[in-house]
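# A predicted structure for the sequence below; I have some questions about it.
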Amino acid sequence: MIGVVDYEAGNLKSVELALRHIGVDFYISKDPEKLLSADRMIFPGVGEAQSSMEVLDRTGLGDAVKEFAASGKPLLGICIGCQILFDFSEERNTDCLGIIPGKVLEFSSDMGLKVPHMGWNQVSHLGRHPIFDGIDDDSAFYFVHSYYPSPASNDAEIGRTEYGIEFSSAVAKNNVVATQFHPEKSGEIGLKLLKNFISL
């Protein structure tokens, strides 16, 4: 059973539709104890780092996510749910959950490209992680973001994308996997990634 974290950050409907499409059992919850009882956790969202952390701190969901990550059960973070797993975000100078060492940085306006980075872009998945099993290297996924993950160790990087600069678009640490892109909005390839997560 998959527990999907509801922390008032939106985008739950897209995740719900994707999980229904691939026929897996899941529930969406704001209850930390109920989420901790799940076999797997998905931590999705669109939103802003500081307001998301305020909700996580106020509700106890932040501690639940950290406890789940420490349990060894598979956890998938998506978009802001990826960024919040790091130590710190430049978005309003926000301290985050510290599950994956590193920072979240803002795209520079000097790149000459539109920010937010929005639309389809290729992900080079470096052949390092089973989350990409059966997915061609440099497949395109859907992005919407103005900030990007910068893990402290290159070993954490399992996917890379170019948008003015090369940045980490997928990361992993032990049982925790996170994508800056939205697999639930990325068509059949995104659904395949979600199936791979369920198989971890």
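Received, thanks.
# shaky segments in this protein?
10 (pLDDT under 70).
# what sits closest to the one residue sitting closest to the centre of the chain if chain neighbours are left out?
Nearest residue to the geometric centre of the chain (CA atoms, centre = their mean): Ile78, 2.3 Å. In space, and not counting its chain neighbours, Ile78 is closest to Pro44: 4.4 Å by CB to CB, 6 or more residues apart in numbering. The way it works is simple: take the backbone N, C-alpha and C, and place the C-beta from them, glycine included.
# repeat that for His129.
Per CB to CB, 6+ apart, closest to His129 is Ile158, 4.2 Å.
# show me where the chain has strands.
2-5, 26-29, 40-43, 75-78, 86-89, 94-95, 100-106, 117-123, 139-145, 147-151, 157-163, 165-173, 176-179 (DSSP state E).
# was I right about the residue nearest to Ile78 contacting Lys13?
No: under the criterion of CB atoms under 8 Å, Pro44 is not in contact with Lys13, lying 10.2 Å apart.
# before we move on, back to that, and the residue nearest to His129, how many neighbours?
Number of residues near Ile158 (other CB atoms under 10 Å) recorded here: 25.
# now do the same contact list for it.
With contacts taken as CB atoms under 8 Å, 6 or more residues apart in numbering, Ile158 has the following neighbours: 125-126, 128-129, 131-132, 170-172, 177.
# repeat for Phe86
By CB under 8 Å, 6+ apart, the contact set of Phe86 is 96-104, 149, 151.
# same deal with Leu126?
Counting by CB under 8 Å, 6+ apart, Leu126 touches 157-160.
# which one's more surrounded, Pro44 and Lys13?
Between Pro44 and Lys13, Pro44 has the larger neighbour count (other CB under 10 Å), namely 27 against 10.
# closest one of the contacts of Phe86 to Ser71?
Among these, Ile99 lies closest to Ser71 (CB to CB), at 11.9 Å.
# quick one: the closest one and Arg92, what's the gap?
Separation of Ile99 from Arg92 (CB to CB, to the nearest Å): 20 Å.
# mind listing the residues bridging to Ser89?
Per DSSP bridges, the residues bridged to Ser89 are Thr94, Val104.
# then stretch 84-92 to PDB, C-alphas only?
The C-alpha trace of stretch 84-92 is given here as PDB (Å, rounded to 0.1, in the frame of the first residue of the first chain):
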ATOM      1  CA  ILE A  84      12.200  19.600   0.600                       C
ATOM      2  CA  LEU A  85      14.300  16.400   1.100                       C
ATOM      3  CA  PHE A  86      17.600  18.400   1.000                       C
ATOM      4  CA  ASP A  87      19.200  20.400   3.800                       C
ATOM      5  CA  PHE A  88      18.500  23.900   2.600                       C
ATOM      6  CA  SER A  89      16.700  25.800  -0.200                       C
ATOM      7  CA  GLU A  90      17.600  29.200  -1.500                       C
ATOM      8  CA  GLU A  91      13.800  29.800  -1.900                       C
ATOM      9  CA  ARG A  92      13.300  32.300   1.000                       C
END
